[in-house]
Structures are given as C-alpha cells and as structure tokens.
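S.K.: just need the structure, nothing else, for what follows:
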Amino acid sequence: MNSNSKTSLHPLKHVAIIMDGNNRWAKQRGLSGIAGHRAGAERIRDLLPSARNLGVQTVSLFAFSSENWLRPPMEVRGLMSLFSTYLKKEAKLLRDDGIKLRVIGSKDRFSDRLNRQIKDAERLTASGELNLHLYVDYGGRWEIAQAAKKMAEKIEDGSLSSSDISSSDIDSYFLDNGLSAPDLCIRTAGEQRMSNFMLWQMAYTELYFTDCFWPDFDKNAFEHAIESYYSRQRRFGTRSSVQENN
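M.R.: As a prediction, this is how the structure comes out:
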C-alpha cells in the first residue's frame, strides 16, 4: 500500500471484520457448507501478516453469533468441530508468530472440552503483540445487557453511583475490557448491516462493504479496504474541514 495515502489524523490500529459468505462461496463450487467455513478459517491465517505490516494492532473477527445457534444442528456441530480443530492446529502457530488470541462471547453453550481448549490457547499465546479477538457465541445487544447487569449490581451494593456513570465508565464493563473501538469494520459478501456486532463500540467506526466472499478476501482485497479507510476524514460527529469552509 502506498504510504502517501496515510494522511488520516487517526491511524488505523483496530480492524473488525464480519466474515460473511462462506456458505455461498461453497455452494458456487458444489462444496459442503463446512468446506466453505474451513476455507474461511484458513483465510484468517493469510491476512494476519498483512494486518501487522500495515500497523494494525488488533484484529477482531465475528466468527459465530449467538443467533447462529438457530442454524441446522448438523451445521452447528460442524462449526463447533471446526473451531476445536482450529484451536488445536493454530494455537502454537499463533504463539510463534507473536499473535495473542482472545475468544470473546458467552461460551455458556460450549462443551467443557471446548472451553478448556479456549483457555489453553489463550494462555499459550498470552505474550503475543498482535491481538486477535475471535467473537464466538456473541451478540452486541447481549453484551450491552451484560454490562448493564454488572453496573446494576455495583449500584445495588453501593460501590457505584448512578450519577457518576459516564460513557467511558461503561466501556470498562464490556467483554473487551475497554479496548479501543474499531477504527474500521469490514463486511464481506455484499450485505450492508452490522448484524448485532459490537454495537456500542462501533458508534464512530468507519464501515467498508465488499461483494467479495470471505474465503476470497485476500491480501489485495484487504489492502484495498485499508486504502479506502485512509481516503476518508473521520469526524466523530463533528463537521469536516470542507463543511467548515462552506
């Protein structure tokens, strides 16, 4: 990517991606849905070096929503098996590449074995510098409700006053522990909606939509999305410099 394009006052540090289109990618090729999800999982590995080279510090991936439990049972079992295989196969590679894995979501419906695998992978990669956050069994509205419950409990026991609550205070009650909000959210496969992903955190996030299916979203497609980000002027609710001069 041309470094001259990096003119934004807000360098890109956190990229969120809604990985969509695995099933449609597989269907076009006469493959099973799980084959599409497997190809999507392999795409993650390909993009992480590009993210690091572009100065990104955190990559947040929406892998499995709380609504995805409503999919056909066979597909859900296949996804859980694929997730387990990914953890076993990738954890050491992530560690060796300096990538810190964190799995964010409810996880209440995961098997004990899968939850142990998650904890083991997070411990193994804890010293990494590039953050990889996998949002699994996750929904933005659910996360907001969980944060509200935690605050209500503190108000009830007297350790928090409702009059003192600010938006930055609320940030600390989310599952990412107040991590900086995504600068850019990419959604693949043509849909143009947030699908209940990081609703609080992405109030001012730049959005990028592409028709490309996730398994086809290669380094060039990723860099094109980054170029788009650096061509914009982030305003955070204020007027742009062009508007101010008119």
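
S.K.: start and end of stretch 177-184, how far apart?
M.R.: One end of stretch 177-184 sits 19 Å from the other (CA to CA, to the nearest Å).

S.K.: off-centre distance for that stretch?
M.R.: Put simply, stretch 177-184 sits 10 Å off its chain's centre (CA atoms, centre = their mean, to the nearest Å).

S.K.: list the buried residues in that stretch.
M.R.: Leu179, Ala181, Pro182, Asp183, Leu184 (16 or more other CB atoms under 10 Å). Every residue, glycine included, has its C-beta placed from N, CA and C.

S.K.: next one: stretch 110-127
M.R.: For stretch 110-127, by 16+ other CB under 10 Å, it's Phe110, Leu114, Gln117, Ile118, Ala121, Leu124, Thr125.

S.K.: so the fifth one makes contact with Leu101?
M.R.: Spelled out, that is Ala121. Yes: using CB atoms under 8 Å, Ala121 makes contact with Leu101 at a distance of 5.4 Å.

S.K.: what touches both of the two?
M.R.: Common neighbours of Ala121 and Leu101, using CB atoms under 8 Å, 6 or more residues apart in numbering, are Ala91, Leu94.

S.K.: hang on, the earlier thing: Throw the buried residues of stretch 110-127 into JSON lines and include distance to Asn23, thanks.
M.R.: Shown next, in JSON lines, are the buried residues of stretch 110-127 (distance: CB to CB, whole Å):
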{"residue": "Phe110", "distance to Asn23": "22"}
{"residue": "Leu114", "distance to Asn23": "22"}
{"residue": "Gln117", "distance to Asn23": "25"}
{"residue": "Ile118", "distance to Asn23": "24"}
{"residue": "Ala121", "distance to Asn23": "26"}
{"residue": "Leu124", "distance to Asn23": "31"}
{"residue": "Thr125", "distance to Asn23": "29"}
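
S.K.: can I get those in a markdown table with secondary structure and pLDDT?
M.R.: As requested, those are exported to a markdown table (DSSP: H, G, I helix; E, B strand; the rest coil; pLDDT from 0 to 100):
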| residue | secondary structure | pLDDT |
| --- | --- | --- |
| Phe110 | coil | 97 |
| Leu114 | helix | 98 |
| Gln117 | helix | 98 |
| Ile118 | helix | 98 |
| Ala121 | helix | 98 |
| Leu124 | helix | 98 |
| Thr125 | coil | 98 |
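
S.K.: ok, so of these, who is nearest Arg193?
M.R.: Of all these, Arg193 sits closest to Phe110, with 26.3 Å by CB to CB.

S.K.: nearest residue to that closest one in space, please, no chain neighbours.
M.R.: In space, Phe110 comes closest to Asp137 once its chain neighbours are excluded; the distance is 6.7 Å by CB to CB, 6 or more residues apart in numbering.
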